[in-house]
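> have a look; sequence and predicted model below, questions after that.
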Amino acid sequence: MSIKKENIPLVRFLAKSGFGSRRTCDDLIANGQVTVNDEVARTGHRINPRSDVIRVKGELAEEPPVLLYILLNKPKGYLVSDSDPENRPLAKDLLPDYKMRLFPVGRLDFQTEGAILYTNDGVWANDIAHPRNVVPKTYLAKVRNIPTRATLQRWLTGVRDKGQVLKAHRVTVERTTKQNAWLLITLTGGANRQVRRMGQATGHPVVKLVRLSVGEVELDSLKPGDSRDLTVKEVKSFSRFSGLTSKSEPRKLSPQLK
């Protein structure tokens, strides 16, 4: 019996192999960092993973034996990046040594604390992080001064900053002191440093910012610097927000997942 010849997009194979989201893998190909059978790959390249030899920066690309989905409670003062020329602490170094390449799903700025997801499943990560999809993220923000009801309404209807209109899906005042307020904010957009920019633009600079949840995955009692595996239910829960297809659901699960 003949074996059916496989012919799949190279970018999808790289994402499945843990080299990042499809956007990241597209960049690797465009920058000439990927070879197929010792020839530099091109954008739109299709491959047969059974017979072709694919390398990224000289490293052999293979699908990982298990797919990992990790929640990290990132402390303030850690960078979400693979490296840093300034030698600042990296969030990824807080994770246990899984002996596999892991990358963040989305971003969380240097001064912000809280929930950041890591995985080696580029297809799943792409579905969650892609701009066409809407995954809510909830933050607790300590801001200077006490926002008025009119100011909070501006957060909901739109705050213009640097040519962008930034909106919160939901914002409520959790508690106040004489000089500060704690706001619970849910975003469905993905603008860089959105909460901080909205606070600055409305006269309420952010003093402290913690991301409490991504989708239905919550920090709960997870301490800063600690991490845990997502459950199967949590991994699949993102389909409610981002329109994941069954092909994007977990195919191989970490032994820790129950």
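Okay, I see it.
> show me where the stretch 1-150 of the chain has strands.
8-9, 34-36, 39-40, 46-47, 54-56, 59-60, 69-74, 103-105, 113-119, 137-144 (DSSP state E, counting those that start in this stretch).
> export those to a markdown table and tack on mean neighbour count, mean pLDDT and distance to S239?
The way it works is simple: take the backbone N, C-alpha and C, and place the C-beta from them, glycine included. Shown next, in a markdown table, are the strands of the stretch 1-150 of the chain (neighbours: other CB atoms under 10 Å; pLDDT from 0 to 100; distance: least, CB to CB, whole Å):
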| stretch | mean neighbour count | mean pLDDT | distance to S239 |
| --- | --- | --- | --- |
| strand 8-9 | 13 | 88 | 22 |
| strand 34-36 | 19 | 94 | 30 |
| strand 39-40 | 10 | 93 | 36 |
| strand 46-47 | 18 | 91 | 27 |
| strand 54-56 | 19 | 93 | 29 |
| strand 59-60 | 10 | 89 | 32 |
| strand 69-74 | 24 | 97 | 14 |
| strand 103-105 | 21 | 91 | 15 |
| strand 113-119 | 23 | 96 | 15 |
| strand 137-144 | 21 | 97 | 17 |
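> so which of the ones you listed gets nearest S221?
Closest to S221 of the strands of the stretch 1-150 of the chain is strand 69-74 (CB to CB; 9.7 Å).
> tilt between that closest one and strand 113-119?
150 degrees (axes from the mean of the first three to the mean of the last three CA atoms, to 10 degrees).
> low-confidence regions, the chain specifically.
Across the chain, the ranges flagged by pLDDT under 70 are 1-6, 131, 242-258.
> going along the chain, name the helices of this structure.
Using DSSP state H, the helices of the chain run over 10-16, 22-30, 122-129, 149-157, 194-201, 232-237, 239-242.
> out of these, flag the one nearest V80.
With CB to CB as the measure, helix 122-129 is the member of these nearest V80 (12.5 Å).
> does C25 really touch V11, like I thought?
Yes: here C25 reaches V11: they are 4.7 Å apart, a contact under CB atoms under 8 Å.
> right, and A129 touches V105 too?
Yes: with contact defined as CB under 8 Å, A129 counts as touching V105 (5.6 Å).
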